[in-house]
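[1] sharing a model prediction with you, sequence too.
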Amino acid sequence: MTVSSVNEFLIQHLHALVGDRHPRSSPGGLLLAEQYVTRHFQQLELTVTPHCFDATGGTYRNIVGILPAPDWPTAAPVIVAAHYDTVAYSPGADDNASGLAVMLEAARCLRTTRLRRAVHFIAFNLEEAELLGSLAYAARLREREETLYGAIVLECVGYASSDPGSQHVPPGLPLAIPSIGNFLGIVGNQQSAGLVSTIEEAAKRSVEDLKTVSLVVPGQGESFPDTRRSDHAAFWDHGYHAVMLTDTANFRNPHYHQPTDVIETLDLEFMDKVVRLVVAVCKEGDA
């Protein structure tokens, strides 16, 4: 576990969350993760509501924690989200305990901030089952004609490497990217290009030591399926602005979806930079 300036909150979350969290191989682990996120949302005094949905013969829950902006009640909210399930038999440290830990720490950092728009923190379930949790949630938003500033989805944000050749390129990607895997990917579709730019500018202003590489794809990313592999795609499909922040998963991390996806492989300093970026975006968003 690489870290120079230890963030004890990130470490606490990771130790609590890392472990098989799959509805078939470890339903108990999945429930414990749900309870952990719920408890921490409550401790932060967020307004906590489960979003229940039916899938694969059962009922599952997304957990929503709302941090209001009382001075700007009509401003469209921003979503900060990460999924809490894993593939079977993987501890899921990078995928996606890293995203959950960053989300929870960003919520802690923002809870005393005078925000210009509400932040809805969401832990999605069944991302690994074709995005079923986020698709159910985004469909409900669209059905209710609710407005949204945009969704920032944290998907594998804990693995970084300074080794030459550690970064690989998805097939057909129309972008030259560095061969060293020490940057954060910012992925949006054309409709979300403004949100991509907002995040880029926040990184330049507030997290100068975080390298970023951005990609904007046409449509809903149909031409580049690798850009659709997380919950942001559910928002794209329902007409909402959304961006994925990622370490690029299997294109960098050799432990992706493996039993070796453990805490010791993560870079806490890199994760802390992602926290700072998420906090900056939520603070600086225009009302």
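    Okay, I see it. Numbers count the residues shown, from 1 in each chain.
[2] please count neighbours and contacts with C-alpha atoms only from this point.
    Fine.
[3] okay, now the unreliable bits of the protein?
    1-6, 285-287 (pLDDT under 70).
[4] helices along that one, start to end?
    Using DSSP state H, the helices of the chain run over 8-17, 27-43, 98-110, 132-143, 193-206, 232-237, 268-284.
[5] which one of these lies closest to Val216?
    Evaluated with CA to CA, these place helix 193-206 nearest to Val216, the distance being 6.4 Å.
[6] before we move on, back to that, for the helices of the chain, give me JSON lines that also has mean neighbour count and distance to Leu67.
    Output for these, formatted as JSON lines (neighbours: other CA atoms under 10 Å; distance: least, CA to CA, whole Å):
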{"stretch": "helix 8-17", "mean neighbour count": "17", "distance to Leu67": "19"}
{"stretch": "helix 27-43", "mean neighbour count": "18", "distance to Leu67": "10"}
{"stretch": "helix 98-110", "mean neighbour count": "25", "distance to Leu67": "8"}
{"stretch": "helix 132-143", "mean neighbour count": "19", "distance to Leu67": "18"}
{"stretch": "helix 193-206", "mean neighbour count": "18", "distance to Leu67": "20"}
{"stretch": "helix 232-237", "mean neighbour count": "24", "distance to Leu67": "20"}
{"stretch": "helix 268-284", "mean neighbour count": "22", "distance to Leu67": "11"}
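[7] for Thr56, which of the ones you listed is the nearest?
    That would be helix 132-143 among the helices of the chain, by CA to CA, at 9.3 Å.
[8] what's that closest one in contact with?
    51, 53, 55, 60-62, 124-127, 147, 231, 234-235, 238 (CA atoms under 8 Å, 6 or more residues apart in numbering).
[9] those in strands, which ones?
    In this view, the contacts of helix 132-143 that belong to strands under DSSP state E are His51, Phe53, Ala55, Tyr60, Arg61, Asn62, Phe124.
[10] buried ones among these?
    His51, Phe53, Tyr60, Arg61, Asn62, Phe124 (16 or more other CA atoms under 10 Å).
[11] got a list of what the closest residue to Thr198 other than its chain neighbours touches?
    With CA to CA, 6 or more residues apart in numbering as the criterion, Thr198 has its nearest non-adjacent residue at 7.3 Å, and that residue is Val281. Contact analysis of Val281 by CA under 8 Å, 6+ apart lists Thr198, Ile199, Ala202.
[12] and if you look at Phe183?
    Counted by CA under 8 Å, 6+ apart, Phe183 has contacts Ala160, Leu210, Lys211, Thr212, Val213, Asp247.
[13] is it possible to mark the buried ones in those?
    Ala160, Leu210, Lys211, Thr212, Asp247.
[14] can you tell me which of these is closest to Val80?
    Nearest member of the buried ones among the contacts of Phe183 to Val80, counting by CA to CA, is Asp247, at 16.6 Å.
[15] and Glu222, its phi and psi?
    Dihedral pair for Glu222: phi -60, psi -30, per degrees, to the nearest 10.
[16] and the gap between it and Ala233?
    Separation of Glu222 from Ala233 (CA to CA, to the nearest Å): 10 Å.
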